[in-house]
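Q: Below: sequence and its predicted model.
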Amino acid sequence: MTGVNKVILVGNVGRLPDVVTFPSEGAAPVKKASFPLATTEYRRNRNDERVEITEWHNIVCWRGLADVAERILTKGSQIYIEGRLQSRTWEDKEGNKRHVTEVVADNLLLLSKRQQNDDNNRNNPLIDILNADTEPIGDLPF
């Protein structure tokens with residue numbers, strides 16, 4: 001029987017993604033985006049006081065999903081992430097052994113509304129029409 005390595009998280013982006021592009025011989029470069037994600041839950045302690053518990057997760061997106069993360073994520077965005085856990089161990093420059101556990105994302109869904117840029121809205125005629133203060137034109141046949 002094979003194992004299952006599946007992670008589903010809903011939380012808030014901690015900062016803008018760090019994006020790195022790796023050159024690839026004879027093919028398109030490979031892009032990697034990484035960012036922290038905070039998940040928060042609330043519990044009651046022994047004194048029946050509401051306590052907030054926040055966990056931070058390291059999220060890694062590759063290739064096309066890294067492009068999406070770079071374009072749409074902002075600090076505080078609420079997102080849904082599906083992926084798998086991956087642990088890595090290495091030695092840093094000083095010879096210290098380092099360990100990190102990451103969520104390698106397979107799917108990303110933006111749950112919060114994207115913030116609109118005011119400059120884009122000023123030059124968009126559809127926004128002008130929708131925001132116009134107009135009266136209905138006559139009686140409609142339906």
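A: Thanks, I have the structure now.
Q: just the strands in this protein please.
A: Shown for the chain, the strands assigned by DSSP state E span residues 7-13, 18-22, 30-44, 50-62, 78-91, 97-110.
Q: how about the fourth one: buried residues?
A: It stands for strand 50-62. Across strand 50-62, burial judged by 16 or more other C-beta atoms under 10 Å covers 57, 59-62. Quick note: C-beta positions are derived from backbone N, CA and C, even for glycine.
Q: Need those in a markdown table (columns: pLDDT and distance to residue 95).
A: Shown next, in a markdown table, are those (pLDDT from 0 to 100; distance: C-beta to C-beta, whole Å):
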| residue | pLDDT | distance to residue 95 |
| --- | --- | --- |
| 57 | 97 | 28 |
| 59 | 97 | 28 |
| 60 | 97 | 25 |
| 61 | 96 | 31 |
| 62 | 95 | 29 |
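Q: got JSON lines for these, with distance to residue 34 too?
A: Formatted as JSON lines, the buried residues of strand 50-62 follow (distance: C-beta to C-beta, whole Å):
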{"residue": "57", "distance to residue 34": "11"}
{"residue": "59", "distance to residue 34": "7"}
{"residue": "60", "distance to residue 34": "5"}
{"residue": "61", "distance to residue 34": "7"}
{"residue": "62", "distance to residue 34": "10"}
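Q: which among these gets closest to residue 76?
A: Residue 76 lies nearest to residue 59 out of those, by C-beta to C-beta, at 14.6 Å.
Q: give the contact list for residue 82.
A: Contacts for residue 82 (C-beta atoms under 8 Å, 6 or more residues apart in numbering) come out as 6-8, 105-108.
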